[in-house]
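> Take a look and give me a structure for this.
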Amino acid sequence: MLWGLFICLLLLLPFEDKDYTYVFGIIPFDKLVHFVLFSFFALFTRVGWAKWYRNDVFVRKANSWTLIEGVGLAFLTETLQQFTYYRTFSWIDVAADIIGALFGMLLFFVIYKI
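Numbering: from 1, shown residues only. Reported below is the predicted structural model:
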């Protein structure tokens, strides 16, 4: 939950993209930031679901809830950006967030071998 709040605050800060930086010459740096933030969000959320709930019903639905929370946070952060004068809603950012969340879930399974 704290990581989600951190993401909201970070993604609402002013970001100047005058020198649009690319990683490896193909990936825009800001999209990579979205991907990494949401990867960790999904990983932390999925670990929390695994540690907090021991009931089989919750564990089976943990993947769905993690993805729902990631998608919800992606849309929330992009929607909130519309209320600032220096940021705008971007479908590409939403896609980077969701792909990052899926990667974080995959990372969970790699780490915990479930």
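
> middle-most residue in the protein, spatially?
Centrality entry for the chain: nearest residue to the mean C-alpha point is Phe38, 1.9 Å, by CA atoms, centre = their mean.

> roughly how far apart are the residue lying closest to it once chain neighbours are set aside and Leu9?
Spatial nearest neighbour of Phe38, excluding adjacent residues (CB to CB, 6 or more residues apart in numbering): Gly100 at 3.3 Å. (C-beta placed from N, C-alpha, C; glycine too.) Distance, Gly100 to Leu9, using CB to CB, to the nearest Å: 17 Å.

> quick one: which of the two has more around it?
Gly100 (25 against 10; other CB atoms under 10 Å).

> what about the more buried one, helix or strand, and which?
Secondary structure assignment for Gly100, by DSSP states H and E: helix 91-112.

> Please identify the helix or strand for the closest residue to Leu107 other than its chain neighbours.
Spatial nearest neighbour of Leu107, chain neighbours left out: Leu43 (5.3 Å); criterion: CB to CB, 6+ apart. Assigned by DSSP H and E, Leu43 belongs to helix 29-52.

> Ramachandran angles for Tyr22?
Per-residue torsions, Tyr22: phi -110, psi 140 (degrees, to the nearest 10).

> and it, what pLDDT?
Here, the pLDDT recorded for Tyr22 equals 75.

> Name the residues of the helix holding Leu43 that are buried.
30-35, 37-47, 49-50 (16 or more other CB atoms under 10 Å).

> Point out where the chain drops to low pLDDT.
1, 16-20, 53-59, 114 (pLDDT under 70).

> could you redo the last one with a cut-off of 90?
Scanning the chain for pLDDT under 90 picks out 1-34, 44-66, 80-90, 109, 112-114.
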